[in-house]
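Chemist: One predicted model, sequence on top.
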Amino acid sequence: MLTKILEIRNIAIDTYRKARYIINPIVKFIIALLVFSNLNTAIGFDERFAKTSIVLVLSLISAVTPGGVMVFFAMALTLLHVYNASMFLAILILLIFIVLYAALMRFSNGNAIVAVLIPLLAPLNLHFAVPIILGCVATPVAIMPCACGVAFYYLIDVIKNFSTVDIGEKLDVDILVEYYNELLDVIIGQKEMYIVIVVFALVILVVFFLRRLPFDYSFLISIGVGAVVNIIGLLVSSLKFDILLSAGTIIFMTLICALIAVAADFMKRVLDYTAIEHVQFEDDDFYYYVKAVPKIKISMTNHNIRVLSPGDDSSDDEGYPDDEDYVSAYSEQAPGYDLYNGYDDRDDRGYDDGYDDRGDKGYDGYEDGGYAGSEDGYYGDSDDYDREDDNMAMKYAMSDVEADYEEDFEDDTEFDDKT
């Protein structure tokens, strides 16, 4: 069973490597399509920017560009929707987005797409898998895009609540200041956002450092410990700061996300801990102790079974030769020789079951006390006798060749039957 799973894994990896230039844009296109559609559903204040054509164009551009471009389009689309609802809210959101995007581009290290994955997965509670996977494949710098994604998710709720606040047509500085103070208090008072950011940062750090330690199954253990840290951190924080979080949902979905992380790690590496090697060597400055854990590699099973027979015209150069190969080979040694009938159609120089039909120079048994066709009843002239000698020698030689061929033919047939 395990061998079959490893074969399927190898096929999937080989297929991805061959078609990654096609698969990657398709996956990014699907993610971008879901992100932009989710934004239009959550804060679709302006129907003009919620059109399918605009979403498709933005998704196509995001599919062939780095992840930071997708994040930029998501923020721009959010700002356009917010501006249609409240210009003053859009100004503050713009300042927040500038700070988040600058920090994201500075510390993303190729993981900018995480900033839009967390808001996309959070409604399904699958965002717990993001920090665990980042701890397995990234560095602690990934904390920054993860934090930006969490902030972006909770900021959407703030936008929903304050987009309906009416400041009034007449611009009053006091009202405007009060509006911004209330808005900042809500943003700063998002205790749940800070808790999730801190817990996700701890998960990334724990998984990252544990998987680097030199003990067996460090990757799997780090994933398990990361899941435990996520569960304990969220539950303890919810009790400490009086935040309403479902304990059952956190535990169950964290376990599901841990299994997703195990599957992702399985596709990345499979180690054979039964064949660990410890190597020691030195150079001019250091003495090294190296622990080498080999990766499991299996050879793919060849399911194309081909039965070769001497009469199979489809046999290649490495297979067994067929009848025509033998005939052509022996024909080169004895031109005119027919494999089954001897020297048929060789005119007056051939024979068939003896020297029949040899004309006046052959013989057909002992007729009238001598050899038929001879001039004096015996052998005829010396030239005929020499030719008969040559023919007899050729007959014996061809008999040996034919016997060798029949022996090879029987061996080939026996090999095919076994195959």
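Modeler: Right, received. Where do you want to start?

Chemist: where are the low-confidence patches of this structure?
Modeler: Applying pLDDT under 70 to the chain flags residues 164-172, 299-419.

Chemist: surely Val203 meets Val130?
Modeler: No - between Val203 and Val130 there is no contact under CB atoms under 8 Å: 9.2 Å. All C-beta atoms are positioned from the backbone trio N, CA, C, and that covers glycine.

Chemist: Can you show me the strands along the stretch 201-350 of the chain?
Modeler: 277-282, 287-292 (DSSP state E, counting those that start in this stretch).

Chemist: Mind checking these for the one nearest to Gly226?
Modeler: In terms of CB to CB, the element of the strands of the stretch 201-350 of the chain nearest to Gly226 is strand 287-292, at 22.7 Å.

Chemist: Which helix or strand contains the spatially closest residue to Ala147 that is not a sequence neighbour?
Modeler: Leaving out its chain neighbours, the residue that sits closest to Ala147 by CB to CB, 6 or more residues apart in numbering is Ile197, at 4.7 Å. Ile197 belongs to helix 191-211 when assigned by DSSP states H and E.

Chemist: gap between the residue nearest to Ala275 when sequence neighbours are not counted and Arg212?
Modeler: In this structure, Ala275 finds its nearest non-sequential neighbour in Pro294, 5.2 Å apart by CB to CB, 6+ apart. As judged by CB to CB, to the nearest Å, Pro294 and Arg212 stand 18 Å apart.

Chemist: swap in Thr3?
Modeler: Thr3 sits 30 Å away from Arg212 when distances are taken as CB to CB.

Chemist: that older thread, turn the strands of the stretch 201-350 of the chain into a markdown table, including distance to Thr65.
Modeler: As requested, the strands of the stretch 201-350 of the chain are exported to a markdown table (distance: least, CB to CB, whole Å):
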| stretch | distance to Thr65 |
| --- | --- |
| strand 277-282 | 44 |
| strand 287-292 | 40 |
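
Chemist: Determine which of these approaches Ala247 most closely.
Modeler: Across the strands of the stretch 201-350 of the chain, closest to Ala247 is strand 287-292 (CB to CB), at 39.9 Å.

Chemist: Can you tell me the strand partners of the closest one and which way each runs?
Modeler: Applying DSSP bridges, strand 287-292 is found paired with strand 277-282 (antiparallel).

Chemist: Pull the number of nearby residues for the closest residue to Ile195 other than its chain neighbours.
Modeler: In space, Ile195 comes closest to Ser237 once its chain neighbours are excluded; the distance is 4.3 Å by CB to CB, 6+ apart. Neighbour count of Ser237, defined by other CB atoms under 10 Å: 18.

Chemist: Helix, strand or coil: sort out the closest residue to Ala50 other than its chain neighbours for me.
Modeler: Distances taken as CB to CB, 6+ apart put Asn40 closest to Ala50, at 4.0 Å, once the chain neighbours are dropped. What DSSP: H, G, I helix; E, B strand; the rest coil gives for Asn40 is helix.

Chemist: so how far is Tyr153 from Asn40?
Modeler: 16 Å.

Chemist: Report the contact partners of the residue nearest to Ile243 when sequence neighbours are not counted.
Modeler: Closest residue to Ile243 apart from its sequence neighbours, by CB to CB, 6+ apart: Glu192 at 5.2 Å. Contacts for Glu192 (CB atoms under 8 Å, 6 or more residues apart in numbering) come out as Tyr154, Ile243, Leu245.

Chemist: Test my guess that Ile231 contacts Ile251.
Modeler: Yes - under the criterion of CB under 8 Å, Ile231 makes contact with Ile251 at 5.6 Å.

Chemist: So between these two, which is more surrounded?
Modeler: Ile231 (20 against 15).
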